[in-house]
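Asks: sequence isn't available, so here's the structure alone:
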């Protein structure tokens, strides 16, 4: 199964049209929302969203309407949803928030969607976090706003005042990352890593992995030069994935971006020149990087014939070190886009390995779909039913729809 595709919003009123779950105020302006919160001694939860944002739509459709989410939120928050884009279909209420929403977005640097801003009963901002999640994670992050020890803006004030104990630095970096304040998160993470005498604990390596985004980050050399030692703690392929993606992003993508973005340009990049540049900086990684770069290039171009040969060649050399997640991703890409049954059969083996040690229904779904594409209908349905039985309530509908298509003999791929 591919990673979750989030649906776009169908209109600006969707967040106000639910009978259960979070109750979003409407008919009030920003000042009235704050007055209501102060009167009820509640915090304000503000969902900053846009109509084109897939993750926003996922939250409004799948998470906000849940009864337990609504019950938890209503006990502590006055909630308001603020649309931060404009559309021809906006009603009077949405339009009345145009200027207020713009001012709030500028003042609090809302740059990603959804962003959740949380204000205390006196109207002071105390916390923020960003992105879609399941209900448990959403409520965990919301609860952080109620505790001064975990409120992002309170912690930021403490950091600026000089607080630097290691436990605080660890927590501060993670909270800043949740708040989409990457500059602060990276700076604090660097301080925390520098304070550690033993980097080879699972906690520290997980932390380093999370905050290593470029070759300049403190953790990069550790992941590059001590791969075996790192992977022995946090899992096969963990360090290689991070290092490979950084090298690709810094050394390869700038040289192939124009061709990737030009559908009419059918020529290959200067692979020889790129290889020479990578060889100079990363001689131990050059063969893998070049092999992987071709996979990325042809997949992005939608050149599925060359992609098929590139991914099979890459997996023969480096597939044994791939994580279960990457095995599944590669297998799904082949299933969706490649008609060469030899390549599809190779992908079946990758897919099977992805869930050999864990009963992951999403990975089983990929396996079932590949079997189906190969004409093994009965076997495919059996595996899709296993995936259905292991899936969460939120995912069961999708698996059942796939089963129904298989039984009818309909295509489950593009």
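Replies: Great, that's in hand. Note that the coordinates shown come from a computational prediction; the quantities given were computed from them, not determined experimentally.

Asks: tell me the domain boundaries of this protein?
Replies: For the chain, automatic domain parsing gives the domain ranges 14-146, 323-414.

Asks: and the longest one, average pLDDT?
Replies: For domain 14-146, mean pLDDT rounds to 93.

Asks: ok now that domain, how far from the chain's centre?
Replies: Averaging C-alpha positions (C-alpha atoms, centre = their mean, to the nearest Å) puts domain 14-146 21 Å from its chain's average.

Asks: for the stretch 151-300 of the chain, give me the ranges with low pLDDT.
Replies: Within the stretch 151-300 of the chain, not a single segment meets pLDDT under 70.

Asks: what ranges do the helices span in it?
Replies: With DSSP state H, counting those that start in this stretch as the criterion, the stretch 151-300 of the chain has helices at 152-160, 166-178, 182-194, 202-210, 220-225, 227-234, 238-247, 253-260, 271-281, 286-301.

Asks: distance to residue 408 and mean neighbour count added to the ones you listed, as TSV?
Replies: In short, each C-beta sits where N, CA and C put it, glycine included. Output for these, formatted as TSV (distance: least, C-beta to C-beta, whole Å; neighbours: other C-beta atoms under 10 Å):
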stretch	distance to residue 408	mean neighbour count
helix 152-160	50	18
helix 166-178	44	19
helix 182-194	47	18
helix 202-210	44	17
helix 220-225	47	18
helix 227-234	44	16
helix 238-247	38	21
helix 253-260	37	15
helix 271-281	44	14
helix 286-301	30	19
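
Asks: switch the domains of the chain over to TSV; also include distance to residue 291 and mean neighbour count.
Replies: Output for the domains of the chain, formatted as TSV (distance: least, C-beta to C-beta, whole Å; neighbours: other C-beta under 10 Å):
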stretch	distance to residue 291	mean neighbour count
domain 14-146	32	17
domain 323-414	13	18
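
Asks: do you know how far residue 388 is from residue 195?
Replies: Separation of residue 388 from residue 195 (C-beta to C-beta, to the nearest Å) stands at 47 Å.

Asks: swap in residue 375?
Replies: In this view, residue 375 and residue 195 are 58 Å apart by C-beta to C-beta.

Asks: one more: residue 176?
Replies: Here the criterion is C-beta to C-beta. By it, residue 176 lies 16 Å from residue 195.

Asks: do residue 238 as well
Replies: For residue 238, the distance to residue 195 equals 23 Å [C-beta to C-beta].

Asks: likewise residue 410?
Replies: Taking C-beta to C-beta, one finds residue 410 at 57 Å from residue 195.

Asks: quick one, strands of the stretch 1-150 of the chain?
Replies: Remark: strands assigned in the stretch 1-150 of the chain by DSSP state E, counting those that start in this stretch are 43-49, 77-83, 115-119, 125-130.

Asks: which residues are in contact with the last one?
Replies: By that I understand strand 125-130. Strand 125-130 is touched from outside by 43, 108, 112, 114-120, 141, 144-145, 148, 150-154, 178-180, with contacts defined as C-beta atoms under 8 Å, 6 or more residues apart in numbering.

Asks: does residue 240 really touch residue 321, like I thought?
Replies: Yes. If you go by C-beta atoms under 8 Å, residue 240 and residue 321 touch, sitting 5.9 Å apart.
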